[in-house]
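>>> The sequence isn't on hand, but the structure is:
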């Protein structure tokens, strides 16, 4: 059983306070939405949980079967999709997946990578250079990258951005599957995306 | 206690070794470089231009024969070092500029990233050395009396150059004036290595043999120290 515990997190940039006193605990099956105005710190909160940004105060803890997960190991337990995360444009979609599979210590098996590419609706585009993808196709490939190692914690920052209606269905399916196996956190201003969640934390309040 | 399928899959990734991750990063960088020639063009253009300029302006006739071993050794290492400085920072800068640095941070362990980038930079330096060193010897009429010692100095010096520039490249990747900062920070770090390698190449050219090849040992010690220090320092640089 995977659990994420966020205690009294706050973030300042110099004198500017972004947010403070954010605490929550989520466990397998939970879907949590982070909402708030532009600049309220939704993406920053997800980046803090991912370990990409250090909080000004408070702490993020992860537990697997009650045992704490070390800070160094956390990257293996989470997958993240965000507008600021880019994949390698000069590689094909398949090469991107094979690279991330190998670097994450998975097999790098071509069939597994093609399966995950197919699952986000990019069938037939796996051997095209990522730089030639449309923004929606890139967003789908980012989703595939985040799901590659089947992480128990899925961090989705504006997951529906640039996606068409079929892409939105893919996101809904991913969240639905993740609900059975792990935790999902969604940062968004879209009401539709917030509606996927069981709980909402509004950073503007 | 019950473990889900995804949790078991995640635990399996424990078996990944630093070396496997580093090799995956190295091969990806090579593949990207092969398609974009982002760093190789910069390094080779600088090296070839400098070599041509030096060989035309100085050649093999304008220097007294007794001074040639010293001056040619100095010129060779100036060309190699500044060519390396013109392109080796790209391995990290490109990740920052392309926005891929965060996804790499989320995927690979810091030490594996450093080792992968080091292997990539050493590959570029190897290509540089294979082109420039024979060309320099040919164009300048650089006579080497101890070829084995000379090759050992060039290889160990190249390894040191790669180790020194890789950690500096990581440090400056997020800075705004990266190009200037890379040279300014690298030169003091590389200066002892350059002097050692210049001295070693001069002795190889003259043919003064000494037991234990001291310049090679110093360069190898430099590589070991730089790599060990970098493996400790890099996680601090890599994580915010």
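Arrived safely. Given the structure is predicted, the values throughout are model-derived calculations rather than measurements. Numbers count the residues shown, from 1 in each chain, chains lettered A, B, ... in the order given.
>>> chain center to the host helix or strand of residue A:34: distance?
Using DSSP states H and E, the element containing residue A:34 is strand A:31-35. Relative to its chain's centre, strand A:31-35 lies at 12 Å (CA atoms, centre = their mean, to the nearest Å).
>>> and what of stretch A:3-10?
17 Å.
>>> Please work out the average pLDDT along the strand holding residue A:34.
Averaged over strand A:31-35, pLDDT sits at 95.
>>> List of residues touching that strand?
Where contact means CB atoms under 8 Å, 6 or more residues apart in numbering or on different chains, the residues beyond strand A:31-35 that reach it are A:24, A:26, A:42, A:45-46, A:175, A:178-179, A:183-189, A:193-194, A:196-204. The C-beta positions use only the backbone N, C-alpha and C, and glycine is treated the same way.
>>> Would you indicate which residues of the lowest-mean-pLDDT helix or strand in chain A are buried?
Lowest by mean pLDDT, DSSP states H and E among the helices and strands of chain A is helix A:191-194, with a mean of 89. Neighbour-count burial for helix A:191-194, with 16 or more other CB atoms under 10 Å in any protein chain shown as criterion, is recorded at A:193-194.
>>> Relative to the whole chain's centre, how far out is whichever helix or strand comes after that helix?
On the C-terminal side of helix A:191-194, the closest following helix or strand by DSSP H and E is strand A:199-202. From the chain centre to the centre of strand A:199-202 is a distance of 17 Å (CA atoms, centre = their mean).
>>> Without its sequence neighbours, what residue ends up closest to residue A:33?
Among residues not flanking residue A:33 along the chain, residue A:197 sits closest, at 3.5 Å (CB to CB, 6 or more residues apart in numbering or on different chains).
>>> What separation is there between the one you found and residue B:98?
32 Å (CB to CB, to the nearest Å).
>>> Please identify the longest helix in chain A, counting by residues.
helix A:165-181 (DSSP state H).
>>> ok so, going back, now the angle from the strand holding residue A:34 to helix A:165-181?
Going by axes from the mean of the first three to the mean of the last three CA atoms, to 10 degrees, strand A:31-35 is angled at 130 degrees with respect to helix A:165-181.
>>> Please name the strands paired to strand A:31-35 in the sheet, noting orientation.
strand A:183-187 (parallel), strand A:199-202 (parallel) (DSSP bridges).
>>> Could I get the buried residue list for the helix or strand that that strand is followed by?
Next helix or strand after strand A:31-35 toward the C-terminus (DSSP H and E): helix A:42-50. Buried residues in helix A:42-50, counted by 16+ other CB under 10 Å: A:42-50.
>>> before we move on, what about stretch A:48-68?
So, applying 16+ other CB under 10 Å, buried residues of stretch A:48-68: A:48-53, A:55, A:58, A:60, A:62, A:64.
>>> what residues are up against residue B:239?
By CB under 8 Å, 6+ apart, the neighbours of residue B:239 are A:51, A:54, B:105, B:110.
>>> For the first one, give me the pLDDT.
So that's residue A:51. Per the predicted model, pLDDT is 93 at residue A:51.
>>> so how many other residues sit close to the nearest residue to residue A:190 once chain neighbours are set aside?
The spatially closest residue to residue A:190, leaving aside those adjacent along the chain, is residue A:160, at 6.1 Å (CB to CB, 6+ apart). Residues contacting residue A:160 under the criterion other CB atoms under 10 Å in any protein chain shown number 20.
>>> Does the longest helix of chain A reach chain B?
Yes - using CB under 8 Å from any CB of the partner chain, we find that helix A:165-181 touches chain B at residue A:181.
>>> any idea of the mean pLDDT for that helix?
94.
>>> what helices or strands is it leaning on?
strand A:31-35, helix A:135-147, strand A:153-157, strand A:183-187 (3 or more CB pairs under 8 Å, 6 or more residues apart in numbering or on different chains; DSSP states H and E).
>>> Report the distance from it to the chain centre.
Per CA atoms, centre = their mean, the centroid offset for helix A:165-181 relative to its chain is 12 Å.
>>> try stretch B:159-170
Counting by CA atoms, centre = their mean, stretch B:159-170 comes out at 6 Å from the chain centroid.
>>> go on, stretch B:197-207?
Counting by CA atoms, centre = their mean, stretch B:197-207 comes out at 21 Å from the chain centroid.
>>> Also stretch B:85-99?
14 Å.
>>> Next, see if it gets close to chain A.
Yes - with CB under 8 Å from any CB as the measure, stretch B:85-99 is seen reaching chain A through B:98-99.
>>> now residue B:214: how far from residue B:152?
11 Å.
>>> re the thing from before, kindly present the strands paired with strand A:31-35 as JSON lines, with separate columns for mean neighbour count.
Shown next, in JSON lines, are those (neighbours: other CB atoms under 10 Å in any protein chain shown):
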{"stretch": "strand A:183-187", "mean neighbour count": "26"}
{"stretch": "strand A:199-202", "mean neighbour count": "14"}
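>>> Turn those into CSV, including distance to residue A:95.
CSV is the format used below for the strands paired with strand A:31-35 (distance: least, CB to CB, whole Å):
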stretch, distance to residue A:95
strand A:183-187, 28
strand A:199-202, 37
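>>> For residue A:30, find the nearest of those.
Smallest distance to residue A:30 across the strands paired with strand A:31-35 (CB to CB): 5.4 Å, for strand A:183-187.
>>> contact partners of the closest one?
A:2, A:4, A:26-35, A:42-43, A:45-46, A:49, A:152-159, A:175, A:178, A:193-194, A:196-197.
>>> Restricted to buried residues, select those in ChimeraX.
To isolate the buried members of the contacts of strand A:183-187 in ChimeraX, using 16+ other CB under 10 Å:
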select /A:2,4,26,28,30,31,32,33,34,35,42,43,45,46,49,152,153,154,155,156,157,158,159,175,178,193,194,196,197
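>>> Find the closest residue to chain B in chain A.
Closest contact between chain A and chain B, by CB to the nearest CB, is at residue A:105 (2.3 Å).
>>> Longest helix in chain B, by number of residues?
helix B:110-140.
>>> Next secondary structure element downstream of that helix?
helix B:147-172.
>>> Max pairwise distance over the buried residues of stretch A:48-68: which two?
A:53 and A:64 (22.9 Å).
>>> what about the helix or strand hosting residue B:219, near chain A?
Using DSSP H and E, residue B:219 sits in helix B:214-238. No - if you take CB under 8 Å from any CB as the test, helix B:214-238 misses chain A, and the best it gets is 8.5 Å.
>>> sorry, back to before: compute the inter-axis angle for the longest helix of chain B and helix B:147-172.
Using the same axes, to 10 degrees, helix B:110-140 lies at 130 degrees relative to helix B:147-172.
>>> which helices and strands does helix B:110-140 pack with?
Counting by 3+ CB pairs under 8 Å, 6+ apart, helix B:110-140 packs on helix B:18-36, helix B:38-57, helix B:68-87, helix B:90-98, helix B:147-172, helix B:214-238.
>>> what does stretch B:219-231 rub up against?
B:111, B:114-115, B:118, B:153, B:156-157, B:159-160, B:163-164, B:166-167, B:192-193, B:196-197, B:200.
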